[in-house]
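S.K.: This is the structure alone, sequence omitted:
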């Protein structure tokens, strides 16, 4: 799918002609820390436009590509949401946590003595193609009008129905136990934290998502994305000229 209209990237040095109210598409390199909603709020303040949205949530601790639409372009977000996404990250074996990452307290488990590259690759093969995945309790998914993470933070768990997702690629880039460095290309709605947790279960030692960076959404790459501070400085330098 090709997009021929202008998209704001780190290669656009002059935003004096940008019309954020009418509508712009921006490739943002989200840092680790803020939520995707907080990034959108910052862009609202920077651009002075109320109508701003993004095309796929990144967890607070995750970094990488976030496609942000403003003004009338928010009507086009679905075309980005439905694109496959590529992530790079690290799964740490021997740990589990309720949030499946380091956001909540971790419990330790010993690694199997016979754990080797062959067993790790065999476990990886279980995640290729179409699979079912149960959404995590620590997520913004709503069930009966309530966000799951609000329920989880009260120490409660409710039943969630599995969802079908598609893993196009799952490459093990490096094994440095207890850490597994990986690259995944997957369909929309995939929770990489759940893959980390399920991966650990396959190896009988537990696993959490230690690091995550989204590098691609469809044909768009994080290498082209602009940081929020860069966006702000370019907008304000353009308005002052």
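M.R.: Right, received. Where do you want to start? What you see is a predicted model; the values in this text were computed from it and never measured.
S.K.: Residue ranges in this structure under the pLDDT threshold?
M.R.: Within the chain, the ranges that satisfy pLDDT under 70 run 1-5, 13, 236-241.
S.K.: quick one: the residue nearest the centre of the chain and residue 42, what's the gap?
M.R.: What sits nearest the mean C-alpha location of the chain, by Cα atoms, centre = their mean, is residue 58, with 3.5 Å. Distance, residue 58 to residue 42, by Cβ to Cβ, to the nearest Å: 14 Å. Bear in mind the C-beta positions are built from the backbone N, C-alpha and C, glycine included.
S.K.: The closest residue to residue 126 other than its chain neighbours - how many residues pack around it?
M.R.: Using Cβ to Cβ, 6 or more residues apart in numbering and skipping residues adjacent in sequence, the residue nearest residue 126 is residue 202, 6.0 Å away. Counted with other Cβ atoms under 10 Å, the neighbours of residue 202 add up to 16.
S.K.: Correct me if wrong: residue 202 contacts residue 125.
M.R.: No. Between residue 202 and residue 125 there is no contact under Cβ atoms under 8 Å: 9.8 Å.
S.K.: gap between stretch 62-80 and the chain center?
M.R.: Its chain's C-alpha centre and that of stretch 62-80 lie 13 Å apart, by Cα atoms, centre = their mean, to the nearest Å.
S.K.: Which residues outside it are in contact with it?
M.R.: Under the contact criterion Cβ atoms under 8 Å, 6 or more residues apart in numbering, stretch 62-80 has outside partners 1, 19-32, 36, 39-40, 43, 47, 49, 51-56, 58, 87, 212-218, 220-222, 225.
S.K.: Check these for burial and list the buried ones.
M.R.: Neighbour-count burial (16 or more other Cβ atoms under 10 Å) applied to those gives 20, 23-30, 36, 39-40, 43, 47, 49, 51-56, 58, 87, 212-218, 220, 222, 225.
S.K.: Which stretches in the chain count as helices?
M.R.: For the chain, the helices defined by DSSP state H occupy 36-47, 77-81, 117-125, 148-152, 192-202, 228-240.
S.K.: I'd like those helices written out as TSV, with distance to residue 172 added.
M.R.: Listed next are the helices of the chain as TSV, based on distance: least, Cβ to Cβ, whole Å:
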stretch	distance to residue 172
helix 36-47	28
helix 77-81	28
helix 117-125	6
helix 148-152	30
helix 192-202	10
helix 228-240	32
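S.K.: Residue 100 is nearest to which of those?
M.R.: When those are compared by Cβ to Cβ, helix 192-202 sits nearest residue 100, at 3.8 Å.
S.K.: Helix 117-125 and that closest one, what's the angle between them?
M.R.: Put simply, helix 192-202 runs at 130 degrees to helix 117-125, going by axes from the mean of the first three to the mean of the last three Cα atoms, to 10 degrees.
S.K.: Quick check: bridge partners of the closest residue to residue 121 other than its chain neighbours?
M.R.: Leaving aside its chain neighbours, residue 121 sits nearest to residue 172 (6.4 Å; criterion: Cβ to Cβ, 6+ apart). Assessed by DSSP bridges, residue 172 has beta-bridge partners residue 182.
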